[in-house]
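>>> Sequence and predicted structure, then a few things I'm wondering about:
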Amino acid sequence: MITGYRRCLPALRTTLRTLAAALLLITVSLAVSALTASPALANNGATLLFGDDPALVWAEWEMIRNGETPATAIYPISQAELTSRYGYSLSPNYPGYGLTEDQTPQAPPPAANRFGFTLRPVGGAYGLTMATPFNRMDDTFQPVANTMYWSMPPWVEVYDELTVGDWLYLKINVDMRFDAGKIAQNSGSIFPVYLLESSTPREGFITAGNGHFSLTAGRLQSGIGYGYFGNTVLNGKANYLDQIQFTASSDKFKFFYLYGTSFPWLTPEEKTIQQTPWEFSPEHDQYSDPYKTFTYHRLEYRPFPWLLVGAAEGNMLGGVKPDLQCLLPFNVWHNTYAYGYKNVMGSVDVSAVPFKGLHLFGEFMLDDYRLPREGGSQKPNAFAWQLGARYILPVGGDNWRHMIGLEYTHVDPWTYNHFYPYQMFYQRQPYSSSIRDWYMDFCMGYTYGPDLDHYGVYYRTLSKAGVQASLSYFHMIQGEVELGACNDPDCTDATPHPWYSHNDDLQPVDGHIGTVEIYNTVSLDLLWPVWRSFSVIASGSYSHVQNYSHIAGETGNLYTALIGLQYRF
């Protein structure tokens, strides 16, 4: 044992020196940034506001109160677009919390940077036990647990922002979270904090533009739709997307384009399937080079202030390098479909405010449609749709807003799914943990994936002083689709093939597949400023699961809970 320890000493010393050098470089960089930062930095017109930003939420609710539909269903938007299309301006020192509306024109400095950090000393508990966490191809995959984990705020965030004039904005955000590996393996307290979770940064981008055009490149969230629990086309609740996107808009039109990539690593079973032709469709070629990319484009039209209609396409490419017909934003990608390396979906949606305070929205997504000439061995119909309503209560005066909402979402069993792993509408992200390194899969469409019926109700409130609170409940029924698992008795290393555990001939089925899980989930979030940069925060979710892990009669309980302080510098 002593001999083995001595052998490890040189490698250990090298590792420690490398870590020390990296920490020194980071410390010096942060110190320089902090010393040169401008506390009065103006958030210029290119600054991005995401779907949960209080300024954007307040502006949307004001439009609904005034009988207008929100100007777009695409997130994020620029601060210049908030002013030009929502009629809402922020004061130049808007810190990202609280609301400081200011209609007075302000000239931003030629160039400036802002350094800051957020510290959250909290206590709490968790219970998200899973055998193989966050693995889409595993039958223990729990998308609800995945979402609950990512809803826990990081315990520390450090960020730096740079602006140039009123047209360019750059941000990098480094955070440390509670170790998903530790949380997924057992239940207990979030203390002690495990510092080896090192998958950051989860946000870093540069963006340029004005009120009618923007171009962004980097790692950030993006989404399409108004759903509180999720949307069927582009998942705004996914951890992040590595992407390049641009938008162009006028008073009545908006065009959106996104190109992104996914971590291309495959498990041995996935690789076997990716390299194997479909035995029931020999004319389909197979491609297995380590590339997985996706593109989205969308056109919105707002003919009246109270009505918005939109149409979108998503294009998943795998096993090959994308060519121009896949990348050009103005192509109709359905018309460029090719066997073996593409999967295309389309959607239409509508948003309306029939009278002041009430917002109605609906979306329909088509992943696949079986033509009459196609046989029973082909992929069956794969649709998804969502209906939602939210009402801004006529109370609160000038400083408070209250909203209640309802949503129903249906996703067919084979929606987002495909015979080949690279063509599935899932994004894979690497994750480094104190337990081990693995990956996480996020559905590109609905938050909780396919084969479900989801019923949700929620309440949200917001104040200009910075108070944010929400309470939600959902009931969800979800079937099982074990995609690509090479566990068919006839599936061996010599004769692998794509196999689906409950519907081998891919015939359409009524309802859900296999043993359904039934979720009843309640969640609470609170942020309440108490003094200067200090706030009280509380967050918690509890989910009771019947037929846990799709085992009849099994019961599971998933929960997270934390309470503490938040300090923003």
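Ah, there it is. Just so it is clear, the model here is predicted, and its values are computed rather than measured.

>>> Quick check: end-to-end length of stretch 420-429?
Start-to-end span of stretch 420-429 (CA to CA, to the nearest Å) is 18 Å.

>>> Give me the pLDDT for V509.
We have a pLDDT of 52 for V509.

>>> Under a three-state scheme, what state does A465 occupy?
Assigned by DSSP: H, G, I helix; E, B strand; the rest coil, the conformation of A465 is coil.

>>> Show me the beta-bridge partners of the residue nearest to I172 when sequence neighbours are not counted.
Nearest-residue entry for I172: G204, 4.1 Å, with adjacent residues in sequence omitted and distances by CB to CB, 6 or more residues apart in numbering. In this view, the C-beta of every residue, glycine as well, is placed from N, C-alpha and C. As for beta bridges, G204 partners with I172, R219 under DSSP bridges.

>>> how close does G204 sit to R85?
Relative to R85, G204 is positioned 26 Å away (CB to CB, to the nearest Å).

>>> more crowded one of the two?
It is R85, of G204 and R85, that has more neighbours when counted by other CB atoms under 10 Å, with 22 against 19.

>>> tell me, how many neighbours does the residue nearest to that one when sequence neighbours are not counted end up with?
Closest residue in space to R85, ignoring its immediate chain neighbours: A71 at 4.1 Å, by CB to CB, 6+ apart. A71: 25 surrounding residues under other CB under 10 Å.

>>> In terms of helices and strands, where is E62?
helix 54-65 (DSSP states H and E).

>>> Just the residues contacting that helix, thanks.
Contacts to helix 54-65, defined as CB atoms under 8 Å, 6 or more residues apart in numbering, come from residues 49-51, 69-71, 75, 77, 82, 86-88, 90, 94, 97-99, 353, 356-359, 390, 392, 394, 401, 403, 460, 462, 464, 466, 468.

>>> Equivalent analysis for stretch 360-370, please.
Contacts of stretch 360-370 (CB under 8 Å, 6+ apart): 73, 225-227, 231-233, 343, 345-354, 378-389, 412, 414-416, 425, 445, 508.

>>> For the residues you listed, which PyMOL command selects only the ones that are buried?
The following PyMOL line selects those of the contacts of stretch 360-370 that are buried, judged by 16 or more other CB atoms under 10 Å:
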select buried, resi 73+225+226+227+231+232+233+343+345+346+347+349+351+353+379+380+382+383+384+385+386+388+412+414+415+416+425+445
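
>>> From the contacts of stretch 360-370, which land in strands?
Using DSSP state E, the members of those that fall within strands are 343, 345-354, 382-389.

>>> Look up how far Y473 lies from G223.
Distance from G223 to Y473, by CB to CB: 22 Å.

>>> Residue ranges in the protein under the pLDDT threshold?
Scanning the chain for pLDDT under 70 picks out 1-43, 90-108, 129-141, 180-199, 277-285, 371-379, 433-437, 481-510.

>>> Show me how it divides into domains.
Here the domain parsing of the chain from automatic domain parsing is 1-35, 36-568.

>>> for those, which one ends up most surrounded?
Across the domains of the chain, averaging neighbours per residue (mean count of other CB atoms under 10 Å) puts domain 36-568 on top, at a mean of 18.

>>> I figured G357 hits A389, correct?
No. Using CB atoms under 8 Å as the test, G357 is too far from A389 to be in contact (11.0 Å).

>>> now for the helix or strand that contains Y259, which elements pack on it?
Assigned by DSSP H and E, Y259 falls within strand 253-261. For strand 253-261, the contact count by 3 or more CB pairs under 8 Å, 6 or more residues apart in numbering; DSSP states H and E identifies strand 241-249, strand 292-304 as packing neighbours.

>>> Residues in contact with that strand: which ones?
71-72, 74, 222, 224, 234, 241-249, 292-302, 312, 327, 329, 427.

>>> How about stretch 470-479?
Stretch 470-479 is contacted by residues 144, 228-229, 413, 448-449, 451-461, 502, 511-525 when judged by CB under 8 Å, 6+ apart.

>>> Among these, which ones are in helices?
Using DSSP state H, V144 are the members of those that sit in helices.

>>> From the contacts of stretch 470-479, which land in strands?
Using DSSP E, the contacts of stretch 470-479 in strands are 452-461, 517-525.

>>> Pull the contacting residues for T207.
Counted by CB under 8 Å, 6+ apart, T207 has contacts 46, 48, 78, 168-170, 214-218.

>>> Let me know the closest of those to P110.
Of all the contacts of T207, P110 sits closest to L168, with 10.9 Å by CB to CB.

>>> is the closest one in a bridge, and if so with what?
Applying DSSP bridges to L168 gives these bridge partners: V164, A208.

>>> got the contact list for it?
With CB under 8 Å, 6+ apart, L168 has these contacts: 44, 46, 206-208.

>>> cool, and G511?
G479.

>>> Can you tell me how far it is from H410?
Taking CB to CB, one finds G511 at 11 Å from H410.

>>> One more: F364?
According to CB to CB, F364 and H410 sit 10 Å apart.

>>> Now list whatever residues contact both of those two.
383-385.

>>> CSV please, covering those residues and showing distance to Y559.
Formatted as CSV, the shared contacts of F364 and H410 follow (distance: CB to CB, whole Å):
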residue, distance to Y559
F383, 33
A384, 28
W385, 30
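
>>> Go through those residues and name the one nearest Y149.
Closest to Y149, out of all of those and judged by CB to CB, is A384, at 24.1 Å.

>>> Stretch 541-553: end-to-end distance?
23 Å.

>>> residue ranges for the helices of the protein, please.
2-35, 54-65, 79-86, 143-151, 180-185, 268-274, 324-327.

>>> In contact with G87, which residues?
A59.

>>> I'd like to check the angle between the helix holding E62 and strand 452-463, please.
Taking axes from the mean of the first three to the mean of the last three CA atoms, to 10 degrees, one finds helix 54-65 and strand 452-463 inclined to each other by 100 degrees.

>>> Keeping just the C-alphas, turn helix 54-65 into CSV.
Output of helix 54-65 as CSV, limited to C-alpha atoms (Å, rounded to 0.1, in the frame of the first residue of the first chain):
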residue,chain,number,x,y,z
PRO,A,54,-38.5,40.0,-13.8
ALA,A,55,-38.3,42.9,-16.2
LEU,A,56,-39.5,40.8,-19.1
VAL,A,57,-42.1,39.0,-17.0
TRP,A,58,-43.5,42.4,-15.8
ALA,A,59,-43.5,43.8,-19.4
GLU,A,60,-45.4,40.7,-20.7
TRP,A,61,-48.0,40.9,-17.9
GLU,A,62,-48.5,44.6,-18.6
MET,A,63,-49.2,43.9,-22.2
ILE,A,64,-51.8,41.2,-21.2
ARG,A,65,-53.4,43.6,-18.7
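
>>> Show me the beta-bridge partners of the nearest residue to Q546 once chain neighbours are set aside.
Nearest residue to Q546, sequence neighbours excluded (CB to CB, 6+ apart): I518, at 4.1 Å. Beta-bridge partners for I518, by DSSP bridges, are I477, Q546.

>>> So I518 sits against Y548, correct?
No. Using CB under 8 Å, I518 is not in contact with Y548; the gap is 9.6 Å.

>>> Excluding chain neighbours, give the residue nearest to H512 in space.
G479 (3.1 Å).

>>> Tell me how far that neighbour lies from M365.
Counting by CB to CB, the gap from G479 to M365 is 18 Å.

>>> Equivalent analysis for I224, please.
In terms of CB to CB, I224 sits 10 Å off from M365.

>>> Now for those two: what residues contact both?
Common neighbours of I224 and M365 (CB under 8 Å, 6+ apart) are V233.

>>> who's in contact with the closest residue to E68 other than its chain neighbours?
Setting aside the residues directly before and after it, E68 is nearest to P305 in space (CB to CB, 6+ apart), at 4.3 Å. When contacts are counted by CB under 8 Å, 6+ apart, P305 touches 67-69.

>>> Please consider this matter closed, and thank you.
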